[in-house]
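[1] Build me a structure from this.
(chains A and B)
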Number of protein chains: 2
Amino acid sequence: MTDLADKILAGDRRSLARGITMVESARADHRAQATALLDRLAGAGRQALRIGLSGTPGVGKSTFIESFGMMLTAQGLRVAVLAVDPSSARSGGSILGDKTRMERLSRDPNAFIRPSPSQAHLGGVARRTREAVALCEAAGFDVVLIETVGVGQSETLVAEMTDLFILLMAPAGGDELQGVKRGIMEMADMILVNKADGDLKPAAMRTVADYAGALRLLRKRAQDPEGFPKALPVSALEEQGLIKAWDEMKMLADWRREHGHFTSRRAAQARHWFETEVREGLLARLHNDPAIRGRMGDLGAAVAAGEVAPAAAATEMLRLLGAAGPE
Amino acid sequence: MTDLADKILAGDRRSLARGITMVESARADHRAQATALLDRLAGAGRQALRIGLSGTPGVGKSTFIESFGMMLTAQGLRVAVLAVDPSSARSGGSILGDKTRMERLSRDPNAFIRPSPSQAHLGGVARRTREAVALCEAAGFDVVLIETVGVGQSETLVAEMTDLFILLMAPAGGDELQGVKRGIMEMADMILVNKADGDLKPAAMRTVADYAGALRLLRKRAQDPEGFPKALPVSALEEQGLIKAWDEMKMLADWRREHGHFTSRRAAQARHWFETEVREGLLARLHNDPAIRGRMGDLGAAVAAGEVAPAAAATEMLRLLGAAGPE
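    Below is the predicted model of the structure:
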């Protein structure tokens, strides 16, 4: 374990991949090893800029990540790319698919790409991704990009584990603007309108203006400096606007660091994840312990058959679990 | 307790109200009494037809409940009206407000109206409503109507505690049809288009045809007989279409009873509520036990300060709670 930790701290990508495989494992002994590894690495105190990136299929997310990532490594920065994809278990494939989707970036020695684990349980995916972020930080990456598809609760999860949350959009007519869920707009620290190139450029510029207006109406938060959240045009294909977008991200992060928002956001996130893990650990007893699982099944059957009232059965089960009743 | 149970079984409305107040109480001693009361009453084996009713503000829900309820009592049936309103804690008022909203029905000796409890926690509201339903059934009501406003998850909760789920809609242009969330349409066993009177009658009839078409496209379930789910016009104001709607509801319920779907739905619901209560009871330990709450707060602060990693703190907390780690 110390050996693996040292290699991760030295930035060895193969060891990092092994560490992530360990945190992704459902086996109890792996879990114990993963907790020990994370505890050991936490002492290093390394911090990356964690950027969440959301965008529905078709906005050019892979191309953007590749171009954005290459721009970062060209600046001498090391970048890791992770994915949260709750749907991957169903579709059978990860959103990062094979690395051929980001061929250039995957061959860059200063980049590390990890496909999303195929896990059905969103909570489990969340914990593993969070822990993978911690491993990437320990391995000395400067930027950790966490990609998610624009579905359901995955945006909230990603926003809860990142410093900046970026929404990647496609050019659209003004009337399509309402298609973005308000809640996701409110989470966004920045909106990037991709495909600001060729025929689509005029539409992209209009879309930027539309979103800029919508963002101003929607949100002015204490943790934002004047002028944020911003909407900006980019072209992942022509590699345009990427440096500008990155400069704005850095400016926002620096401003938040100076004003204490950066640290307080991380503190709140850490506390949130601690509480979530405690809750999930408590509930895991219902599934992990065969005796408890069996009794739960028997009582459930008795309740379904109308032999016991739900409340009475729950009281009995909770007594068995050593817990008092609800409220 | 036996005294209260007997009075509820005798159909005494004041005792029923006292019983509901007991299940709504957050006090531990009241909770124990409520569980005992429910257990005692479950033996009576009485069953009402539980009807969930959802509709956004403005569709005339109060007027409908009053007219529909009066029609039922005119048929010699006893009807109870409950409400699930997760927003009432915020707005400070219940959706049933004072009973003046249903003045005639509230004075009917065969009707019982109970405003929703003002509780912030949706899970708590759900349990209390479910238990209030059980009390109303024990008190010999034939129909229990559970009203909810068309927001968020309250429809799902109501559908999970009722035999039939009815959606009340207002007349609309065909292009407004998409405004109903697909998930809610899929839950509906019947759509009633209200205000099929006066100037709005043609629009109401068109809306009925639109929804009938949409329902046919959306859903054909094994637990529905031929021709269901249906969309029907009603006028709560002119008391038109109510008997027809009631007859269709009875037909659907009878068909499901004959084919075993009625009982299997109730069995699945009871098991679901049992499992929910066990989960909530387990999590309640984090709040109820002062020592555990204190340690949770201390560890949370240490995690926020970066002194302990979330996973390590969670492991310690779970050891204290006598639970193994997650997964």
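[2] got the residues of the stretch 51-200 of chain A near chain B?
    Residues of the stretch 51-200 of chain A lying close to chain B by Cβ under 8 Å from any Cβ of the partner chain are A:124, A:127, A:130-131, A:134. The way it works is simple: take the backbone N, C-alpha and C, and place the C-beta from them, glycine included.
[3] Correct me if wrong: A:Thr129 contacts A:Ser154.
    No. Checked against Cβ atoms under 8 Å, the pair A:Thr129 and A:Ser154 is beyond contact range at 9.9 Å.
[4] Give the intersection of the neighbour lists for the two.
    Residues touching both A:Thr129 and A:Ser154 (Cβ atoms under 8 Å, 6 or more residues apart in numbering or on different chains): A:Val84.
[5] More neighbours: which of those two?
    Legend: neighbour count by other Cβ atoms under 10 Å in any protein chain shown for A:Thr129 and A:Ser154, higher for A:Thr129 (28 against 25).
[6] number of nearby residues for the residue of the stretch 1-150 of chain A found nearest chain B?
    Scanning the stretch 1-150 of chain A for the residue nearest chain B gives A:Ala42, at 4.6 Å (criterion: Cβ to the nearest Cβ). The tally of other residues near A:Ala42 (other Cβ under 10 Å) stands at 19.
[7] dump the residue contacts of the closest residue to it other than its chain neighbours.
    Spatially, and ignoring its direct neighbours in sequence, A:Ala42 is nearest to B:Ala309 (4.6 Å; Cβ to Cβ, 6 or more residues apart in numbering or on different chains). By Cβ under 8 Å, 6+ apart, the contact set of B:Ala309 is A:38-39, A:42, A:134, B:303.
[8] One more: A:Val193?
    Contact analysis of A:Val193 by Cβ under 8 Å, 6+ apart lists A:169-171, A:204, A:207-208, A:211, A:231-234.
[9] still on that earlier bit, narrow the residues of the stretch 51-200 of chain A next to chain B to those in helices?
    When these are checked against helices (DSSP state H), the matches are A:124, A:127, A:130-131, A:134.
[10] JSON lines for those residues, including pLDDT and neighbour count?
    Putting these into JSON lines (pLDDT from 0 to 100; neighbours: other Cβ atoms under 10 Å in any protein chain shown) gives the following:
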{"residue": "A:Gly124", "pLDDT": "69", "neighbour count": "18"}
{"residue": "A:Arg127", "pLDDT": "83", "neighbour count": "24"}
{"residue": "A:Arg130", "pLDDT": "90", "neighbour count": "25"}
{"residue": "A:Glu131", "pLDDT": "92", "neighbour count": "25"}
{"residue": "A:Ala134", "pLDDT": "94", "neighbour count": "23"}
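[11] tell me which of the residues you listed is nearest to B:Pro57?
    Proximity of these to B:Pro57 (Cβ to Cβ) peaks at A:Gly124, which lies at 39.0 Å.
[12] any weak-confidence spans in chain A?
    Where chain A drops to pLDDT under 70, the residues are A:1, A:85-100, A:117-124, A:150-152, A:173-182, A:219-220, A:323-327.
[13] All the strands of it, in order from the start?
    Per DSSP state E, chain A carries strands over the ranges A:49-54, A:79-84, A:111-113, A:143-148, A:164-169, A:190-193, A:230-233.
[14] Can I get the ones you listed in a markdown table including distance to B:Glu186?
    Below are the strands of chain A laid out as a markdown table (distance: least, Cβ to Cβ, whole Å):
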| stretch | distance to B:Glu186 |
| --- | --- |
| strand A:49-54 | 27 |
| strand A:79-84 | 27 |
| strand A:111-113 | 39 |
| strand A:143-148 | 26 |
| strand A:164-169 | 29 |
| strand A:190-193 | 32 |
| strand A:230-233 | 36 |
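[15] Nearest residue to the middle of chain A?
    In chain A, the C-alpha nearest the mean C-alpha coordinate belongs to A:Val158, at 3.1 Å (Cα atoms, centre = their mean).
[16] Let me see the ranges of the helices in the stretch 51-200 of chain A.
    Using DSSP state H, counting those that start in this stretch, the helices assigned to the stretch 51-200 of chain A run over residues A:61-74, A:88-91, A:103-107, A:122-138, A:154-159, A:182-187.
[17] Including distance to B:Ala80, could those go into TSV?
    Formatted as TSV, the helices of the stretch 51-200 of chain A follow (distance: least, Cβ to Cβ, whole Å):
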stretch	distance to B:Ala80
helix A:61-74	53
helix A:88-91	42
helix A:103-107	63
helix A:122-138	38
helix A:154-159	38
helix A:182-187	36
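[18] Return the most buried member of the ones you listed.
    Mean neighbours per residue, mean count of other Cβ atoms under 10 Å in any protein chain shown, is largest over these for helix A:122-138, with a mean of 23.
[19] other SSEs contacting it?
    For helix A:122-138, the packing partners by 3 or more Cβ pairs under 8 Å, 6 or more residues apart in numbering or on different chains; DSSP states H and E come out as helix A:2-9, helix A:13-24, helix A:28-42, strand A:79-84, strand A:143-148, helix A:154-159, helix A:261-288.
[20] So what's the gap between the first one and the chain middle?
    Okay, so that is helix A:2-9. Distance of helix A:2-9 from the chain centroid (Cα atoms, centre = their mean, to the nearest Å) equals 24 Å.
[21] next one: the second one
    From the chain centre to the centre of helix A:13-24 is a distance of 17 Å (Cα atoms, centre = their mean).
[22] close to chain B, is that helix?
    No. Judged by Cβ under 8 Å from any Cβ, helix A:13-24 makes no contact with chain B; its nearest approach is 9.1 Å.
[23] Dump that helix to CSV, keeping only the CA atoms.
    The C-alpha atoms that make up helix A:13-24 are tabulated as CSV, following Å, rounded to 0.1, in the frame of the first residue of the first chain:
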residue,chain,number,x,y,z
ARG,A,13,-0.1,6.9,-14.2
ARG,A,14,-0.3,3.1,-14.1
SER,A,15,-0.3,3.2,-10.3
LEU,A,16,-3.0,5.9,-10.4
ALA,A,17,-5.1,3.6,-12.6
ARG,A,18,-4.6,0.7,-10.2
GLY,A,19,-5.6,3.0,-7.3
ILE,A,20,-8.8,4.0,-9.1
THR,A,21,-9.6,0.3,-9.8
MET,A,22,-9.2,-0.3,-6.1
VAL,A,23,-11.7,2.5,-5.1
GLU,A,24,-14.1,1.3,-7.7
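[24] Okay, buried residues for it please.
    A:13, A:15-16, A:19-20, A:22-24 (16 or more other Cβ atoms under 10 Å in any protein chain shown).
[25] So A:Val81 is in contact with A:Pro115, correct?
    No. The pair A:Val81 / A:Pro115 is not scored as a contact, 9.4 Å apart, by Cβ under 8 Å.
[26] The two - which one has more neighbours?
    A:Val81 (28 against 18).
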